[in-house]
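Student: Task: produce atomic coordinates for the following.
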Amino acid sequence: MTTPDGSSPPDTLGTGQFAAWQAMTEADAKAQMRGPISGFTTAQGNFHGKFDGYATGTDLADLQDRTQMLEGVIGYAHAYCTGGAPVGNADTFIPLNIPVGPAVGVTRTSNRFLLGSRGLWIAQGQIGYDSISGVLNTYINAQIRIYTPAGTLFAQRIAETVTSAQHTCTVQMPFVVPAAGYWAELWGFMGLARGIKGGSNWTGMSVQKESTETS
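Tutor: The predicted structure is shown next:
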């Protein structure tokens, strides 16, 4: 069939092509059909090859760390007190004089923690008390205190008990600060001349940032 102007329609076989097609054997036809499949197999192999060196756990952890750093989520610090015998019968600042590991987004200054950014934080504190005898006031507590940059008490939580035996007070507090520059401190109350047990297994404090959101 020809078009009105005498030319062949598009995609038609010319005389030579038709003859070649007629002469094609079954083996020739199979070979031509395998060509595209072979190309697909090669492409598939190349695709899988791109991921041969991909360490999923390591790379995802690295990506998560980078994302959190960009969002300002990372912040943590840990420290403990070497102990001693405070005067007692009063709220007493507990110095966090020995750091534990690195601190990120937090600066340990004057034996307390200076928070480097706004957001939701969690503080955990523990104080180990020696046993005592012959003292009327056997009340003890552990306190987490948060102070503003100007030094005003901003938030506080207390865990308390009454005992003359050796005892450990633990306290935990989530809190939100609207800006950098707030202080997190460990305080306690003990009877006159009652000793605090020092060391990382008895008395210390940690702060960790959970979110950049403030509401």
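Student: ranges for the helices of this structure?
Tutor: Assigned by DSSP state H, the chain shows helices spanning 15-23, 26-49, 56-71.
Student: how many other residues sit next to residue 101?
Tutor: Per other C-beta atoms under 10 Å, the neighbour tally for residue 101 reads 9. (Each C-beta comes from the backbone N, C-alpha and C, glycine too.)
Student: That one and residue 80 touch, don't they?
Tutor: No. Residue 101 is beyond contact range of residue 80, at 11.2 Å (criterion: C-beta atoms under 8 Å).
Student: Quick check: bridge partners of residue 153?
Tutor: The bridge-partner assignment for residue 153, based on DSSP bridges, gives residue 147.
Student: That one: what's it in contact with?
Tutor: Shown in contact with residue 153 (C-beta atoms under 8 Å, 6 or more residues apart in numbering): 145, 146, 147.
Student: most neighbours, which of the residues you listed?
Tutor: The most crowded member of the contacts of residue 153 is residue 146, carrying 23 neighbours; neighbours defined as other C-beta under 10 Å.
Student: if I pick the closest residue to it other than its chain neighbours, what's in contact with it?
Tutor: Take residue 146 and drop its neighbours on the chain: the residue closest to it by C-beta to C-beta, 6 or more residues apart in numbering is residue 155, 4.1 Å away. Neighbour list for residue 155: 145, 146, 173, 175 [criterion: C-beta under 8 Å, 6+ apart].
Student: From residue 148, how far off is residue 155?
Tutor: Applying C-beta to C-beta, to the nearest Å, the value for residue 155 to residue 148 is 10 Å.
Student: what's the neighbour count on the closest residue to residue 99 other than its chain neighbours?
Tutor: Ranked by C-beta to C-beta, 6+ apart and with sequence neighbours excluded, the top spatial neighbour of residue 99 is residue 79, at 4.9 Å. By the measure other C-beta under 10 Å, the count of residues near residue 79 is 23.
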